[in-house]
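Colleague: just to be clear, the model below is a prediction. Sequence and coordinates:
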Amino acid sequence: MASIFSRIVSGELPSYKVAEDEQHLAFLDITPLVEGHTLVIPKREVDYIFDMAPDELAALHLFAQRVAKGVQAAVPCQRIGVAVIGLEVPHAHIHLIPMNKVSDMNFANPKIKVAEARMKELAAAIAAKVPGGDGAPAASASQSNDAKAAPAGAGASAVTERLEKLTEGLLFMSESDAPLAAVHFEAPAGNLSNDALLKLVGEPAGTPVEMQELTLFLRNHTADKGILNDVALANRFKALQMYMKQELQDAKVYRIGKGPTIQAYALGRTDDGQLAGFKTVLTET
C-alpha cells in the first residue's frame, strides 16, 4: 500500500506545500513540534533514507538546504534543526524544525495545534523565501480540484466519496470497537446549534451534546503506532484527520448522549456549505 506521503505526492491527499521540483516535495507537518516544522521527501517512495542511491541522497539534502533557507527566512528562529527519525512513516523524510533552544527538537514534546489559516500563511511565507522559488506555494490537491469545473453540489459528493474510501475498514477503539462510516447532511443555515444537529442525526431534542477537537478525539489512533500498535492503521487515521482538517471547514467531533453508548459525529462544512464527515459509536462505562 502506498505511504501517506506517496498519496500526497500523487495528489490523492492535500498538503500545505512549500516547495517542489521533479524529484522532491516539501510541506508543513500537520502535527508540528513548532510553527514552521517542515517535512522534505523524495517523490519516489523509499522506506529507509540510507537505502537511497548516493546521488539521490545528495540531491535530497541539497533540496532540503534550499527549503531550510526559506523556513529560516520566514519563521523567526536561531537555527533550523535537522532530524531523520524514520519510524513514523515508511517513506524517507527529513524534518526541518525552526529552533531557538535545544528542547525545540525534542520529539517527546507534545505536538502543537496550528489553525488552518495560520498553516496556509506559513506555507505561503516559506514558499516565497525558498531560493529559486516563484514566490508562491505549490498548488495543493484541493486547489487543483477547485480548478476543474464542477456542477453545484458536486463538491459535497466528491468529499463524501473520498471519506468513504478513507474510513473503509477502520474501527474506533473505546471500551469496544465500532466501524467508522462516512456521512453527509444538508447543512442548516447559520451556525450548527445542538438542536439543529440532533434533528439532522435523528436524536431526540434535549439529548446531551459535547463538542471535541478532531485531533484530540483521534489522538490515540494517530499516535506513531496507534492504539493497536500498527503503523499502517495509524497512518490511515492520520490521512483521515489530515483530509478533514484541510478539506472541511471547522471540522469538529460531536459526542451525543451519555454512557455507556455514545454516538460520535465528526463533521465539517464543505466548500459548498454542506456537512460531511464520519460517524462512529463509543462505549464508555
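Modeller: It's in. Because the structure is predicted, anything quoted here is derived from the model rather than measured.
Colleague: quick one: Glu35 from Leu197, how far?
Modeller: Using CB to CB, to the nearest Å, we find Glu35 at a distance of 32 Å from Leu197. Every C-beta, even on glycine, is put in place using the N, C-alpha and C of the backbone.
Colleague: more crowded one of these two?
Modeller: Neighbour totals were compared for Glu35 and Leu197, and Leu197 leads with 20 against 16 (other CB atoms under 10 Å).
Colleague: and stretch 246-260, how far from the chain's centre?
Modeller: With CA atoms, centre = their mean, to the nearest Å as the basis, stretch 246-260 stands 16 Å off its chain's centre.
Colleague: nope, stretch 183-195 is what I meant
Modeller: Centroid displacement of stretch 183-195 relative to its chain, using CA atoms, centre = their mean, is 23 Å.
Colleague: and for stretch 265-281?
Modeller: With CA atoms, centre = their mean, you get 16 Å for stretch 265-281.
Colleague: for stretch 238-247, same thing?
Modeller: Using CA atoms, centre = their mean, the mean C-alpha position of stretch 238-247 is found 4 Å from that of the whole chain.
Colleague: over to stretch 243-263?
Modeller: Taking CA atoms, centre = their mean, one finds stretch 243-263 lying 16 Å from the centre of the chain it belongs to.
Colleague: equivalent analysis for stretch 76-83, please.
Modeller: From the chain centre to the centre of stretch 76-83 is a distance of 23 Å (CA atoms, centre = their mean).
Colleague: list the buried ones in that stretch?
Modeller: Neighbour-count burial for stretch 76-83, with 16 or more other CB atoms under 10 Å as criterion, is recorded at 77, 80-82.
Colleague: do stretch 183-201 as well
Modeller: For stretch 183-201, by 16+ other CB under 10 Å, it's 183-185, 187, 192, 194, 197-198, 200-201.
Colleague: now stretch 161-171
Modeller: Result for stretch 161-171 [16+ other CB under 10 Å]: buried residues 162-163, 166-167, 170-171.
Colleague: could these be laid out in JSON lines, adding secondary structure, pLDDT and distance to His221?
Modeller: Shown next, in JSON lines, are the buried residues of stretch 161-171 (DSSP: H, G, I helix; E, B strand; the rest coil; pLDDT from 0 to 100; distance: CB to CB, whole Å):
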{"residue": "Arg162", "secondary structure": "helix", "pLDDT": "88", "distance to His221": "19"}
{"residue": "Leu163", "secondary structure": "helix", "pLDDT": "91", "distance to His221": "16"}
{"residue": "Leu166", "secondary structure": "helix", "pLDDT": "90", "distance to His221": "13"}
{"residue": "Thr167", "secondary structure": "helix", "pLDDT": "91", "distance to His221": "12"}
{"residue": "Leu170", "secondary structure": "coil", "pLDDT": "90", "distance to His221": "8"}
{"residue": "Leu171", "secondary structure": "strand", "pLDDT": "90", "distance to His221": "9"}
